[in-house]
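Trainee: Show me how the following folds:
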Amino acid sequence: MKILVINGPNLNMLGKRPKDVYGVLPLDEINNKILNSALELGVSIVFYQSNSEGDLIDCIHEARNNYQGIIINPGA
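Mentor: Numbers count the residues shown, from 1 in each chain. Down below sits the predicted model:
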């Protein structure tokens with residue numbers, strides 16, 4: 001199974017913004033936790049992050065026939 005994980009606007013700033021509001025983990029560490037869980041389950045994961053809503057929509061359209069599922073954290 002192949003899953004696409006899409007992270008939206010500003011999620012690339014995790015770990016850099018006020019930690020008491022947004023948490024202490026940067027996006028790379030969150031993605032690594034997801035990847036490790038996926039490996040245990042035998043699932044292939046691909047990550048994508050963009051600050052552009054249009055790019056996110058394009059990514060979803062392109063994923064249509066390539067993935068069995070999409071997980072979206074829309075951010076903001």
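
Trainee: in its sheet, what does the one helix or strand V5 maps to sit against?
Mentor: Under the criterion of DSSP states H and E, V5 resides in strand 2-7. Strand 2-7 sits in its sheet next to strand 44-49 (parallel), strand 69-73 (parallel), going by DSSP bridges.

Trainee: State the mean pLDDT of the longest one.
Mentor: When pLDDT is averaged over strand 44-49, the result is 98.

Trainee: Of the strands paired with strand 2-7, which stretch is the most buried?
Mentor: Counting by mean count of other C-beta atoms under 10 Å, strand 44-49 has the highest mean neighbour count of the strands paired with strand 2-7, with a mean of 17. For every residue, glycine as well, the C-beta is placed using N, CA and C.

Trainee: Would you mind pulling the contact partners of that one?
Mentor: Residues outside strand 44-49 that contact it (C-beta atoms under 8 Å, 6 or more residues apart in numbering): 1-8, 11-12, 27, 31, 34-35, 38, 56, 59, 67.

Trainee: Stretch 55-72 now?
Mentor: Contact partners of stretch 55-72, identified using C-beta under 8 Å, 6+ apart, comprise 1-6, 8, 46, 48, 50.

Trainee: Then stretch 24-37?
Mentor: By C-beta under 8 Å, 6+ apart, the list of residues contacting stretch 24-37 reads 5, 7, 11-12, 14-16, 45, 47, 49.

Trainee: Understood, closing this out.
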